[in-house]
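Q: here's my sequence, what's the structure:
(one chain, ligands or ions: 1)
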Amino acid sequence: MAERRRTDMVLIAFMQAQNCTNYPGSWRHPQGIPDFLSAEHYMRIARTLEEGKFHLAFFDDRLAMPDIFGEDHRLAVQWGIRSVKMDPIPLMTAMGLATTRLGIGGTCTTTYFEPFDVARTFMTLDHMIGGRAAWNVVTSMNDSEARNMGVAEHPDHDLRYDRADEFVEIVLGHWQSWEDDALVVDTRPGGVFAQPDKVHRLDYRGRWYNSRGPFTVPRSKQGQPVIIQAGQSGRGIRFAARWGELVFASYKTLPQARALYRTLKDAVAAEGRNPDLVRIAPPVYPIVGETRAIAEEKRAFADSLARPEDALALLGEVLNIDFAKYGLDDPIGEAVLANMTGQHAIRDRVVQVSGKANPTPRDFIDVSRRGTIHEAPVFCGTPADVADQMEEWYQGEGCDGFVVAATHRPGGYEEFARLVVPELQRRGVFQKEYRGRTLRENLGLPPSVARGRPTMRH
Ligand SMILES: Cc1cc2nc3c(=O)[nH]c(=O)nc-3n(C[C@H](O)[C@H](O)[C@H](O)COP(=O)(O)O)c2cc1C
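A: You can find the predicted model right below:
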């Protein structure tokens, strides 16, 4: 069978509402612009991304500093290890108002908020930015987040996803409870504002959540925000397959990418959904230079900005265990591994790659490479080299697009948009123009139709 060339690569910029990019050492980069507490910082990046025809700028989120290591926040504060974490919503609004086509996505956890609240915030944002919003549904990671939100302990991994299923049912239920033509706003004498028969009460009663309605925000230009998900464990994949319209999946090599891509697409099909409509994108760090030597030098420089503290602080954060309790070469016991309530995907990969049932903290550092740019694949070289690597993953069915992380900010995005995007466009794999105005149109997703029932099937 002739190989069909794929042409609609999805590009997403990995954004952080904090003092650094994904790369904690990035704030030390001399080309970084330290105005990260200003709206202009994010608006400038938004304009760059829109010029580069990115589909989406996406913010992750945490509800705590990485303070699990040694049960102390001093390390994170001293070395700027993601020690600032702002609410992404105002930043997303600013970026949305600085652009007209770029999608704007952000993370909000199902574990520490109420579904009605999240439904209202994201639908309101979607109106404010003309139907370009996306919600990344996560279940959070650790006890520090729990304590900031008044909860003693972070709930168990799979239980969080069970609760999240109900949470998303409620959010979508509310989003779909105003029929598309409910709003009338007939200002003539006696004219009605909206049709009462077309605004439904959800009356949801679940095991963990109840929400009555009626919802207080009508449908948006794209119907409702796009759903992003990134579950990668057994339970997480089922959740991603049920709800995700855009799925982020972390992997380091193309063979790993192909395997997880297939697993995720099969899981989507098993949910009765069309796998072609669910785009899968891994985070990557592109480092581009005018020549290979320049790019290599940039990579070496970026690498030199990492500090050993970064890895331990961020591993503790994501796995919800205090690595300060262990020597670097102490095996971690079965009970501790089994009870890790953070992300299971990293734990499982460390066990698999190290080949040890009881890996040590050093194994976690070496396999995950957390806190460095090598946590994700690094695509380094000339614009053609970077595009070659991206094309290999994309055409090789390792992904449908990429979540582009920056070694420094705003320069990392600017160099990518200026040098790599034109190369991808020249090759015909990436869009030269936006397809439409809303994020759904730009992602080629079918219009979302209000059915008055919580469902995402398409
Ligand atoms: C690109 C990307 C972004 C993510 N953003 C967040 C985030 O902002 N907050 C969060 O708690 N988890 C985030 N995660 C973690 C995922 O939601 C998920 O927990 C993780 O991939 C592990 O899968 P599991 O939950 O099935 O173990 C992200 C993952 C990826 C790959």
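Q: list the buried residues in the longest helix along the chain.
A: The single longest helix within the chain, with elements called by DSSP state H, is helix 157-175. Going by neighbour count (16 or more other Cβ atoms under 10 Å), the buried part of helix 157-175 is 157-158, 160-175. Heads up, the C-betas are built off the backbone N, CA and C, glycines and all.
Q: CA-only coordinates of that helix, as CSV, when you get a sec.
A: What follows is helix 157-175, C-alpha atoms only, in CSV (Å, rounded to 0.1, in the frame of the first residue of the first chain):
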residue,chain,number,x,y,z
HIS,A,157,-4.2,7.7,41.7
ASP,A,158,-7.0,5.6,40.2
LEU,A,159,-9.7,7.0,42.6
ARG,A,160,-8.8,10.5,41.3
TYR,A,161,-9.6,9.4,37.8
ASP,A,162,-12.9,7.8,38.9
ARG,A,163,-13.9,11.1,40.4
ALA,A,164,-12.6,12.9,37.4
ASP,A,165,-15.0,11.0,35.2
GLU,A,166,-17.9,12.4,37.1
PHE,A,167,-16.4,15.8,37.1
VAL,A,168,-16.1,15.9,33.3
GLU,A,169,-19.6,14.5,32.9
ILE,A,170,-20.8,17.5,34.9
VAL,A,171,-18.7,20.1,33.1
LEU,A,172,-19.8,18.8,29.7
GLY,A,173,-23.3,18.4,30.9
HIS,A,174,-23.5,22.1,31.9
TRP,A,175,-21.7,23.2,28.7
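Q: so what does that helix touch, helix or strand wise?
A: Counting contacts by 3 or more Cβ pairs under 8 Å, 6 or more residues apart in numbering; DSSP states H and E, helix 157-175 is packed against helix 115-128, strand 133-138, strand 204-205, strand 210-211, helix 234-243.
Q: what mean pLDDT does that helix have?
A: Mean per-residue pLDDT for helix 157-175: 97.
Q: OK, contacts around the residue of the stretch 1-150 of the chain found nearest the ligand?
A: Closest residue of the stretch 1-150 of the chain to the ligand, Cβ to the nearest ligand atom: residue 60 (2.9 Å). Counting by Cβ atoms under 8 Å, 6 or more residues apart in numbering, residue 60 makes contact with 14-16, 22, 107, 136.
Q: quick one: the helices in the stretch 51-200 of the chain?
A: Here the stretch 51-200 of the chain has its helices, by DSSP state H, counting those that start in this stretch, at 74-78, 88-97, 115-128, 143-148, 157-175.
Q: tabulate those (a markdown table), appending distance to residue 332.
A: Below are these laid out as a markdown table (distance: least, Cβ to Cβ, whole Å):
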| stretch | distance to residue 332 |
| --- | --- |
| helix 74-78 | 20 |
| helix 88-97 | 33 |
| helix 115-128 | 35 |
| helix 143-148 | 17 |
| helix 157-175 | 17 |
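Q: ok, back up a step: now do the same for the residue of the stretch 1-150 of the chain closest to the ligand: its pLDDT.
A: In this model, residue 60 is scored at 98, pLDDT.
Q: how much space is there between it and residue 22?
A: 8 Å (Cβ to Cβ, to the nearest Å).
Q: ok, now which ones touch the closest residue to the ligand within the stretch 351-458 of the chain?
A: Residue of the stretch 351-458 of the chain nearest the ligand, by Cβ to the nearest ligand atom: residue 403 (5.0 Å). By Cβ under 8 Å, 6+ apart, the contact set of residue 403 is 12-14, 58, 248, 281-284.
Q: tell me the strands beside the helix or strand where it lies, with direction?
A: Element membership for residue 403 (DSSP states H and E) is strand 401-404. In the sheet, strand 401-404 lines up against strand 10-15 (parallel), strand 283-288 (parallel) (DSSP bridges).
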